[in-house]
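Chemist: structure here, sequence nowhere to be found:
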């Protein structure tokens, strides 16, 4: 037989348990994947173009939709860029509250990734456990912000709500529970011989390749590169927090998963520090606080939340451009705004972590078995809506 | 040629008659309500994530909300499923796949449109790349919200079950 007859083209997705919102075009020779090309764009919802038709404050809910499991970090990235454009800075307490929500989101986003990876490997237990533990952080975030996933919590100049009464105790209970829970995961999933056999040494990303391809986030750190925007270019309350950048040397699927587990542990420590060290004070920048009438100020003190000043709704930043980057749960997210002085941005650009990691499909899934496709895919924590925007 | 069972002008088409009789029988009240009761508690949604509402859909079938107690079991292949959830925005590229998957599902089949985007575009109403699901598929129940809470998904399933048992569902009439 000739070479062409050996190789079949296999289309995986978009309707497939291990494809998500994308199609994987795999060339297979028997059970060996010769090459794989991801066909993205199934969830391209034109966020960047739509942002040009909306007011600055309306863009906050818009950019939360693509990275749905990881909204707060992206919200923070956009708000930081906007604040740089406006030349304001949030008061210290707001900065700490932002960091708190960002870390809570990181925990439940990593649990989401773990659960999806579990179901891709056929381990329903991992899916069920991870999605249950994720609900704990979601419930607490709901008490803080009022929404399950799409918080729209950070606004230019501050945050929308203060800590609700009794939040510290509830959080303490939740963190102790999660810490007790992680050894259980080790017993049933991470150290399970099946999981080990499917993940160890599968999809190895070498350190130099990871740097050359511009990989970000836990996928990069699993290859031994200690790059984390929270350390490299600190924002909000991160300079005052004591935390480690979790890295692994192996660079295989298991390492990528274990980096996420390590980050959950680090986030738990960080939330403890945040609740201990959080300063008192206003949660909105003075410039906007002055615009609120005294009657509403009483209401704000009583309900521990702010009333949105009218000036924020038709925000007109000065001409110019601003860029901000944050470490979202899936990696580095970059937000870039060009303003022409009108209430709507002239150009808005998002570089999400998933679009920078999509190249890994082509790079890692080569000369491996067909069964390794979901094992590698799941370990990348790739979220197609975030990449397609 | 001796008269076979089918195509004979003297005996009539037995096979067709039998099929007609069976359909008539199934549409009678006791059997029909038994059938609709069975369909209502075995709604298996196909694994077809169209957009970000998929995260809340996954939460709906996870332990806290556990939609499986309504007979709502997410399953992998369209050939074994009778329910399709449009999870949020349907882009033009995804709409082709949606129709393709819907056509592969066996009848009777039902469609639930989840999220504001699936009703009329939601926050992406003026995007150049979206399709309204109601234009291309017979939607039974719409779930408002952006994203809808998992409880809302469960409520939609209950609503669909009621529609099926009352015989109102569009999917039953095809």
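Modeler: Nice, thanks for sending it over. Small disclaimer: the values here were computed from a predicted structure and weren't measured. Residues are numbered from 1 along each chain as shown, chains lettered A, B, ... in the order given.

Chemist: show me the shaky parts of chain B.
Modeler: B:1-12, B:174 (pLDDT under 70).

Chemist: tell me which stretches of it form helices.
Modeler: Assigned by DSSP state H, chain B shows helices spanning B:14-26, B:29-40, B:54-60, B:92-104, B:116-120, B:133-136, B:150-165, B:170-173.

Chemist: the stretch 51-200 of chain A now?
Modeler: Remark: helices assigned in the stretch 51-200 of chain A by DSSP state H, counting those that start in this stretch are A:59-64, A:71-86, A:92-120, A:124-145, A:167-185, A:193-199.

Chemist: now residue A:375: which helix or strand?
Modeler: Using DSSP states H and E, residue A:375 sits within helix A:372-380.

Chemist: any buried residues in that helix, and which?
Modeler: A:372-380 (16 or more other CB atoms under 10 Å in any protein chain shown). Just so you know, the C-beta spots here come from the backbone N, C-alpha and C atoms, and that holds for glycine as well.

Chemist: how about the residue positioned nearest the centre of chain A, phi and psi?
Modeler: Nearest to the mean C-alpha position of chain A, counting by CA atoms, centre = their mean, stands residue A:329 at 3.1 Å. Main-chain torsions, residue A:329, degrees, to the nearest 10: phi -60, psi -30.

Chemist: and it, how far from chain B?
Modeler: From residue A:329 over to chain B the distance is 13 Å, taken as CB to the nearest CB, to the nearest Å.

Chemist: repeat that for residue A:69.
Modeler: 5 Å.

Chemist: quick check, that residue in contact with residue A:381.
Modeler: No: counting by CB atoms under 8 Å, residue A:381 is not a contact partner of residue A:69; they are 9.3 Å apart.

Chemist: what's the burial count for residue A:160?
Modeler: 20 (other CB atoms under 10 Å in any protein chain shown).

Chemist: ok, now which ones touch the closest residue to chain B within chain A?
Modeler: Taking CB to the nearest CB, chain B has its nearest neighbour within chain A at residue A:131, 3.3 Å off. By CB atoms under 8 Å, 6 or more residues apart in numbering or on different chains, the residues touching residue A:131 are A:111-112, A:115, B:58-59, B:62-64.

Chemist: how about chain B: which residue is closest to chain A?
Modeler: Proximity of chain B to chain A (CB to the nearest CB) peaks at residue B:62, 3.3 Å away.

Chemist: and the gap between that residue and residue A:134?
Modeler: Residue B:62 sits 8 Å away from residue A:134 when distances are taken as CB to CB, to the nearest Å.

Chemist: isn't residue A:177 right next to residue A:136, touching?
Modeler: Yes: using CB under 8 Å, residue A:177 is in contact with residue A:136, at 6.8 Å.

Chemist: quick one: which of those two has more around it?
Modeler: Taking neighbours as other CB under 10 Å, residue A:177 and residue A:136 compare with residue A:136 leading, 22 against 11.

Chemist: coming back round to it: got any residues that touch both of residue B:62 and residue A:134?
Modeler: residue A:115.

Chemist: and chain B, which of its residues are near chain A?
Modeler: Residues of chain B lying close to chain A by CB under 8 Å from any CB of the partner chain are B:46-56, B:58-59, B:62-64, B:76, B:78, B:89, B:91, B:93-94, B:97, B:100-101, B:123-124, B:126-130, B:146-147, B:149.

Chemist: select only the buried ones of these in ChimeraX?
Modeler: In ChimeraX, a selection of the buried entries from those looks like this (16+ other CB under 10 Å):
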select /B:46,47,48,49,50,51,52,53,54,55,56,58,59,62,78,89,91,93,94,97,101,123,124,127,129,130,146,147,149
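
Chemist: tell me the one among the contacts of residue A:131 nearest to residue A:9.
Modeler: Nearest to residue A:9, judged by CB to CB, of the contacts of residue A:131 is residue B:58 at 29.7 Å.

Chemist: how close does that closest one sit to residue A:286?
Modeler: Residue B:58 is 42 Å from residue A:286, where distance means CB to CB.

Chemist: if we can go back for a sec, the helices of the stretch 51-200 of chain A: which one's closest to residue B:28?
Modeler: Judging those by CB to CB, what sits closest to residue B:28 is helix A:124-145, at 40.5 Å.
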